[in-house]
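Chemist: this one's structure only:
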């Protein structure tokens, strides 16, 4: 079963080329003689102004210095520029790396490290970071970069050595040491290996006792374990930390959240309560405690906790949510009007919160008014315009709603343009104008032919229309841009097995998607369906039953009913069908299934 999900493209080759050429251009000013060439400090340093995700973060910006380059080093740089201009990124990085290896300036090695990371060339990043650390052995940032590069290249033994070095290198509390390690390990592509590295470090640097210093270190370890998905270890360390941090509100809050993540809501309450008792005026803590109380139907106490806070927009919006859940619209409206004159009424975020509150309560006129007021300078502006288009379409008609989106389609920001075309198509789909919805997406692709969401969305429409050839072209376009996009792999595989007899080929795509997203319900459902189409009913039932337990939507239910029926389990199939029909009375998939099997 394919599901629409927005995917984000990684750094493109042209973007890396621009970065490489900036480095070269900055190095072309000759300062006397033939042996030394001066690089422009502003242009070169600008490359490291923004450290990419894969590289450990730093709190300080790189120094803007003038890097002296010998003629030999400059030759490597010019060679890199030539290779880069020809589109050979790897060769360009190799030339830059040679320049870094010839130079004794650690800042050049640092810049090559940053460029390599942005190009996702981890071998180059590891070698450049190694050179950087050699030239500046006391630099914590270099150690973090080298550890991260080793993790990405799968050299976990070397990564363990660098993380060990990082632990001893950091001068600070246990929490500060583990926070540095967290910044590296949390980005590991393999959570299993990252957990092993974490456990090695925990075993080596045993934290014994319940002193605040030791407990703070365990708290940091717990947070890292949770990021790596080891909730059992996170819980163990969190509970140990909480013993020594009984008066630390954030530690108590963290443990409460661990219990929530472990689906132990009642057990979490005492930790949220303790955090609130320590600091009852802290908005984050009080709101978390109130949410836990409200989810357990302790509505009076939950509302009392929020009423005791300073009445900011966030607090009032949460009070409105509670009132709406309790179906107390008069109270929700009173809070809405109170929010209009809240402590944050002059803040840029005020309009979007007022709009969302009105939308939630069911005040469409007020919602439209406030969505229209959201400043373009805020992050919420695009979401506000898209929601405004929907509300206008509901109240004034489809074309008026589309008119709101029309101005966005020529915006200078590519993301705005992309989202506008997606929203336009969705409005048309909701109006059941599917050919027009497809044509809208085609128009968007004329502006952005390499848009993953636009290609994928049009592929879904083509599959829905039964145009397998067109859908296949579009899904393969997505995979040419992102070969490991699990959503596109799943969609292509499901389309092939559902609408053609190319089941063996479909199985390959769905297996790849399942390897990338083993817990994705749509992929699990697809795996069950392709196995059924291959005649492997017993295996198919395992996947379809699991998918149905995760999400009992009509399409998954229909798949499971059909396979049960074809497997001779008609009684179980009828029972499941009647349950699904009772919950989804007019669902077309279930209606078609009823006609096929006479259920």
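Modeler: Arrived safely, thanks for sending. Keep in mind that what you see is a predicted model, and the values were worked out from it rather than measured.
Chemist: residue contacts, residue 348?
Modeler: Each residue near residue 348 by CB atoms under 8 Å, 6 or more residues apart in numbering is listed here: 375, 377-378. Where C-beta positions appear, they are placed from N, C-alpha and C, glycine not excepted.
Chemist: so where's the protein shaky on pLDDT?
Modeler: Per-residue confidence for the chain (pLDDT under 70) gives these ranges: 1-93, 95-96, 99-100, 174-175, 186-192, 205-210.
Chemist: what helix or strand does the nearest residue to residue 165 once chain neighbours are set aside sit in?
Modeler: Distances taken as CB to CB, 6 or more residues apart in numbering place residue 143 nearest to residue 165, at 5.7 Å, with adjacent residues excluded. In the assignment (DSSP states H and E), residue 143 maps to helix 140-153.
Chemist: residue 435 too?
Modeler: Residue-wise, residue 435 maps onto helix 434-447 under DSSP H and E.
Chemist: for the helix or strand following that helix, packing partners?
Modeler: Remark: after helix 434-447, the chain's next helix or strand is helix 452-464, criterion DSSP H and E. Applying 3 or more CB pairs under 8 Å, 6 or more residues apart in numbering; DSSP states H and E, we find helix 452-464 packed against helix 414-430, helix 434-447, helix 468-481, helix 486-499.
Chemist: rerun at 6 Å
Modeler: In terms of contacts (3 or more CB pairs under 6 Å, 6 or more residues apart in numbering; DSSP states H and E), helix 452-464 is packed against helix 434-447, helix 468-481.
Chemist: dump those helices to a markdown table, plus mean neighbour count and distance to residue 522.
Modeler: Shown next, in a markdown table, are the helices and strands packed on helix 452-464 (neighbours: other CB atoms under 10 Å; distance: least, CB to CB, whole Å):
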| stretch | mean neighbour count | distance to residue 522 |
| --- | --- | --- |
| helix 434-447 | 18 | 21 |
| helix 468-481 | 19 | 14 |
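Chemist: can I get the ones you listed in a markdown table including distance to residue 150?
Modeler: Below are the helices and strands packed on helix 452-464 laid out as a markdown table (distance: least, CB to CB, whole Å):
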| stretch | distance to residue 150 |
| --- | --- |
| helix 434-447 | 41 |
| helix 468-481 | 29 |
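Chemist: do you know which of the ones you listed lies nearest residue 106?
Modeler: With distances scored as CB to CB, the stretch of those nearest to residue 106 is helix 468-481 (36.3 Å).
Chemist: angle of that closest one against helix 486-499?
Modeler: 160 degrees (axes from the mean of the first three to the mean of the last three CA atoms, to 10 degrees).
Chemist: returning to what we had before: highest neighbour count among the contacts of residue 348?
Modeler: Ranked by the number of neighbours (other CB atoms under 10 Å), these place residue 378 first, at 15 neighbours.
Chemist: could you confirm that one falls within a strand?
Modeler: No - counting by DSSP: H, G, I helix; E, B strand; the rest coil, one finds residue 378 to be coil, located in no strand.
Chemist: using the three-state scheme, assign the nearest residue to it once chain neighbours are set aside.
Modeler: Nearest non-adjacent residue to residue 378, counting by CB to CB, 6+ apart: residue 348, 5.0 Å away. State at residue 348, reduced to three classes by three-state DSSP: coil.
Chemist: any idea how far residue 348 is from residue 379?
Modeler: Distance, residue 348 to residue 379, using CB to CB, to the nearest Å: 9 Å.
Chemist: now residue 399
Modeler: 29 Å.
Chemist: which parts of the stretch 201-350 of the chain are helices?
Modeler: Here the stretch 201-350 of the chain has its helices, by DSSP state H, counting those that start in this stretch, at 212-227, 231-244, 249-261, 265-278, 283-295, 299-307, 313-325, 329-339, 350-361.
Chemist: need those helices in CSV (columns: mean neighbour count and distance to residue 136).
Modeler: Putting the helices of the stretch 201-350 of the chain into CSV (neighbours: other CB under 10 Å; distance: least, CB to CB, whole Å) gives the following:
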stretch, mean neighbour count, distance to residue 136
helix 212-227, 22, 26
helix 231-244, 19, 33
helix 249-261, 21, 34
helix 265-278, 19, 41
helix 283-295, 21, 38
helix 299-307, 17, 51
helix 313-325, 21, 44
helix 329-339, 17, 53
helix 350-361, 22, 45
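Chemist: columns distance to residue 418 on top of those, output as CSV?
Modeler: Listed next are the helices of the stretch 201-350 of the chain as CSV, based on distance: least, CB to CB, whole Å:
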stretch, distance to residue 418
helix 212-227, 30
helix 231-244, 36
helix 249-261, 33
helix 265-278, 39
helix 283-295, 33
helix 299-307, 38
helix 313-325, 29
helix 329-339, 32
helix 350-361, 21
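Chemist: for these, which one sits closest to residue 416?
Modeler: The nearest among these, by CB to CB, is helix 350-361 at 16.2 Å.
Chemist: what angle sits between the closest one and helix 329-339?
Modeler: 170 degrees.
Chemist: please renumber the chain so that the first residue is 57 from this point on.
Modeler: Happy to do that; since the first residue is 57 now, the last one works out to helix 406-417.
Chemist: please name every helix or strand in contact with helix 406-417.
Modeler: Secondary elements touching helix 406-417 (3+ CB pairs under 6 Å, 6+ apart): helix 369-381, helix 420-429.
Chemist: can you redo those helices as JSON lines with distance to residue 553?
Modeler: Formatted as JSON lines, the helices and strands packed on helix 406-417 follow (distance: least, CB to CB, whole Å):
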{"stretch": "helix 369-381", "distance to residue 553": "41"}
{"stretch": "helix 420-429", "distance to residue 553": "42"}
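Chemist: how about those helices, which one is nearest residue 599?
Modeler: Here helix 369-381 is closest among the helices and strands packed on helix 406-417 (CB to CB), at 35.2 Å.
Chemist: centre of the chain versus that closest one, how much separation?
Modeler: 26 Å (CA atoms, centre = their mean, to the nearest Å).
Chemist: what do you get for stretch 196-215?
Modeler: Distance, stretch centre to chain centre, for stretch 196-215: 23 Å (CA atoms, centre = their mean).
Chemist: and it, which residues are buried?
Modeler: Residues of stretch 196-215 classed as buried: 196-208, 211-212, 214-215 (neighbour count, 16 or more other CB atoms under 10 Å).
Chemist: and what of stretch 420-439?
Modeler: Neighbour-count burial for stretch 420-439, counted by 16+ other CB under 10 Å, picks out 422-424, 426-427, 430, 436-439.
Chemist: hang on, the earlier thing: with distance to residue 646 added, can I get the contacts of residue 404 in TSV?
Modeler: As requested, the contacts of residue 404 are exported to TSV (distance: CB to CB, whole Å):
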residue	distance to residue 646
431	46
433	48
434	43
